[in-house]
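S.K.: Provide a 3D model corresponding to the input given below.
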Amino acid sequence: MSTPQPAFKPRTTREAAHWLTLWMDGDLPPEQAQAFARWRAADPDNERAWLHIESLRGRLAGLEPTAGYRSLSHGGGSRRRVVKALLLLALAGGTGGLAYREPWRSGAGLAYHNGASAPRHITLADGSQLTLDADSTVEVDFTPTQRTLHLRSGRLLISTGHDDAQRPFSVKTAQGSVLALGTRFVVQVQPERTDVQLFEGALKLSPLHTTPQRLSAGERTRFTAMRIDDSTRVGREPSWGVGALEADDMRLGHFIAELSRYRPGLLRCASEVADLRISGVYPLADSDAVLDALTQSLPVSINRRSRYWVTVSAR
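M.R.: Sure thing, here's the model as predicted:
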């Protein structure tokens with residue numbers, strides 16, 4: 001059983017946020033670069049935090065994060081809020097500072113629910129890492145002979161951990177089961193079907209009433225209780241898996257609808273601005289910062305009747 005690393009210290013988080021802000025402005029001048037190197041060397045926790053940030057940025061590389069960061073960077077206060085939100089997301093999303101750590105228990109009993117909030121990261125006792133999207137519920141059933149997740153609603157991204165007892169790892173839905181063979185994948189439950197995307201390893205898909213099939217890395221498919229669709233090629237990993245919302249020339253109305261899934265209350269987009277287009281990568285950990293940044297790049301205003309009743313309208 002792997003041992004989770006400790007959460008990052010608050011001071012480390014604040015200092016790393018400071019250095020990340022400086023790096024976002026461009027290459028550091030020599031004196032600052034030397035000070036940055038000394039900071040990394042001064043404490044192992046500093047180095048661990050920075051390596052984790054670099055890992056996250058590497059996973060976002062395919063999403064062109066620099067453009068997304070800079071689209072949120074107009075205006076000093078808003079920019080710093082977003083950068084710090086991204087940092088906190090990074091430090092909450094990997095080996096340090098995970099949202100949940102639960103001891104192993106025999107039988108069912110561990111259940112996780114994520115409502116209208118940013119994706120949550122969970123480390124299980126076997127070292128498996130889950131990212132639970134908004135409006136999602138999963139139950140964990142680990143016994144001495146098997147590791148089973150019951151996905152009741154929504155979707156999750158899974159990186160399976162090594163298990164010394166070699167217990168099989170599977171995800172069950174209303175339509176069947178997905179058996180992991182040392183892998184990283186997404187499972188999403190829809191009405192009457194299960195969607196699967198596989199990024200590493202292999203999967204065995206077993207609908208309730210038809211012959212199982214194998215899914216290979218780089219493939220996606222969907223299945224019902226009665227059939228499995230032909231597989232297609234999967235793209236890069238979903239941006240929500242690293243706590244971001246990617247927009248590629250997206251209608252603002254669609255963007256706001258997606259963003260609303262990750263915050264409580266009512267968030268709506270007025271019809272007169274719904275057809276505006278937006279691009280970038282935006283941190284789900286701070287949706288208020290995202291909304292504030294919209295006013296810097298689009299002719300919109302944010303009207304807040306309360307924290308739970310927000311309208312994006314024409315300026």
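S.K.: Now do residue 230 against residue 210, distance only.
M.R.: Distance, residue 230 to residue 210, by C-beta to C-beta, to the nearest Å: 14 Å. The C-beta positions use only the backbone N, C-alpha and C, and glycine is treated the same way.
S.K.: I meant to write residue 119 there.
M.R.: Look at residue 119 and residue 210: by C-beta to C-beta, they are 32 Å apart.
S.K.: For the two, indicate the residue with more neighbours.
M.R.: residue 119 (28 against 15; other C-beta atoms under 10 Å).
S.K.: Contact partners for that one?
M.R.: Applying C-beta atoms under 8 Å, 6 or more residues apart in numbering to residue 119 gives the contacts 131, 132, 133, 134, 240, 241, 243, 262, 284.
S.K.: can you put these in a markdown table and add pLDDT and secondary structure?
M.R.: Shown next, in a markdown table, are the contacts of residue 119 (pLDDT from 0 to 100; DSSP: H, G, I helix; E, B strand; the rest coil):
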| residue | pLDDT | secondary structure |
| --- | --- | --- |
| 131 | 92 | strand |
| 132 | 93 | strand |
| 133 | 95 | coil |
| 134 | 93 | coil |
| 240 | 91 | helix |
| 241 | 88 | helix |
| 243 | 85 | coil |
| 262 | 94 | coil |
| 284 | 88 | helix |
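S.K.: neighbour-wise, which of the residues you listed leads?
M.R.: Of all these, the highest neighbour tally under other C-beta under 10 Å goes to residue 243, namely 26 neighbours.
S.K.: Name the helix or strand for residue 247, please.
M.R.: strand 244-251 (DSSP states H and E).
S.K.: helices or strands next to that strand in the packing?
M.R.: Judged by 3 or more C-beta pairs under 8 Å, 6 or more residues apart in numbering; DSSP states H and E, the packing partners of strand 244-251 are helix 252-260, strand 277-283.
S.K.: List the buried residues of the very next helix or strand once past the shortest one.
M.R.: Beyond strand 277-283 in the direction of the C-terminus, DSSP H and E gives the next helix or strand as helix 287-297. Applying a neighbour-count criterion of 16 or more other C-beta atoms under 10 Å, one finds 287, 289, 290, 291, 292, 293, 294, 295, 297 buried in helix 287-297.
S.K.: Give me the secondary structure label for the spatially closest residue to the first one that is not a sequence neighbour.
M.R.: In this case it means residue 287. Distances taken as C-beta to C-beta, 6 or more residues apart in numbering place residue 263 nearest to residue 287, at 4.6 Å, with adjacent residues excluded. When classified by DSSP: H, G, I helix; E, B strand; the rest coil, residue 263 comes out as coil.
S.K.: Flag the shaky bits of the protein, pLDDT-wise.
M.R.: Along the chain, the model assigns pLDDT under 70 to residues 1-10, 24-26, 54-109.
S.K.: tell me the centre residue of it?
M.R.: residue 241 (2.7 Å; C-alpha atoms, centre = their mean).
S.K.: Can you tell me how far it is from residue 121?
M.R.: Separation of residue 241 from residue 121 (C-beta to C-beta) stands at 10 Å.
S.K.: Identify the contacts common to these two.
M.R.: Each of residue 131 lies in contact with both residue 241 and residue 121 under the rule C-beta under 8 Å, 6+ apart.
S.K.: Neighbours of the nearest residue to residue 134 once chain neighbours are set aside, how many?
M.R.: Distances taken as C-beta to C-beta, 6+ apart place residue 261 nearest to residue 134, at 4.7 Å, with adjacent residues excluded. Neighbourhood size, residue 261 [other C-beta under 10 Å]: 18.
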